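# give the three-dimensional model of this entry:
(one chain, ligands or ions: 1)
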Amino acid sequence: MKARWLGFVSIALLALVSCSTVDPVTGKRVQNMYLIQDDVQMGREVMADTVAAMRKEGVRINKDAEQVAKLQTIVRRITTVSHMPDLPYQVTLFETNIVNAFAAPGGQMGVFTGLYHPEMGLVKDDDELAAVIAHEIAHVTCRHTTEALTRGMPLQLVLLGASIYAESKGKQDLAMGLAAGFLVYQGLVLPKFSRADESEADSVGLMYMAKAGYDPNAAIRIWERAAARGKDPKLFAMFSSHPTDSARASALRKLLPKALAEYERARDNPSRP
Ligand SMILES: [Zn+2]
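Numbers count the residues shown, from 1 in each chain. The predicted structure follows:
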């Protein structure tokens, strides 16, 4: 995996003319030296390696048929109304107590069952699960991974992963150890999204979930709950990242009237996906 991934980076570095394109989602001019096919291929490789690494740790993958079907329905409904409905989307369920979800480029997403664990989880209903997934789908359609790679992000990441690992190493908690290991691993293969990327995924994701007929209030509930839990070390990656959770909730609140209008429209439309 690493060799292949380094291949991508060196090809990118050799492409001295980086390409400036208009982001189909935001209409902003962005730098991305990769083709969308690169996103798809990179995402497949990252997911195949993540599945192999997790399986080695004894994690069950896609075994809970009911949960997998539920996730697939949410993904289908949201991607249908997204800016890139035709990407080969795929969601993988990792059955372990990590409170996290992640997006690899090109349509690959991972969800950990810890996300909706009754006590330590953060997601309490299907609308909230849809909010998390819509956020991850927005990272995919906004192509945040290859944009970050274009900016030359990966090296900083290894350091970040290593420091989080060092912090949590002493804790006698199997899920924590696995989660820390996962973060180190993910840090090696995926760049960390910037604060701006996270805000963009929040706002784009909010509109996606609303258009797909999920109640956008759920997105605000999640960040408020995360803010109330404070610096809980069990809330990894997406829940501990950059814009503070309460700031995320208030930014989303500003967009809520627009999202609610879309939600009402989607509910009134019987042909919604
Ligand atoms: Zn994110």
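
# show me the shaky parts of this structure.
In the predicted model, the chain carries pLDDT under 70 at residues 1-20, 153-191, 230-243, 270-273.

# strands of that one, start to end?
Using DSSP state E, the strands of the chain run over residues 20-22, 29-31, 60-61, 90-95, 101-103, 108-112.

# what strands line up against the shortest one, and which way round?
Each strand pairing with strand 60-61, determined using DSSP bridges, is listed with its direction: strand 90-95 (antiparallel).

# so how far is the partner strand off the chain centroid?
When C-alpha coordinates are averaged (CA atoms, centre = their mean, to the nearest Å), strand 90-95 and its chain have centres 12 Å apart.

# kindly export that strand (C-alpha atoms) in PDB.
C-alpha atoms of strand 90-95 as PDB (Å, rounded to 0.1, in the frame of the first residue of the first chain):
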ATOM      1  CA  GLN A  90     -19.400   2.100  -0.900                       C
ATOM      2  CA  VAL A  91     -19.800   2.000   2.900                       C
ATOM      3  CA  THR A  92     -18.000  -0.400   5.100                       C
ATOM      4  CA  LEU A  93     -19.100  -1.200   8.700                       C
ATOM      5  CA  PHE A  94     -16.300  -2.000  11.200                       C
ATOM      6  CA  GLU A  95     -17.800  -3.700  14.300                       C
END
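
# picking that back up, distance to the ion and mean neighbour count added to the strands of the chain, as TSV?
In short, each C-beta sits where N, CA and C put it, glycine included. Formatted as TSV, the strands of the chain follow (distance: least, CB to the ion, whole Å; neighbours: other CB atoms under 10 Å):
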stretch	distance to the ion	mean neighbour count
strand 20-22	21	11
strand 29-31	17	13
strand 60-61	22	15
strand 90-95	15	20
strand 101-103	7	25
strand 108-112	11	25
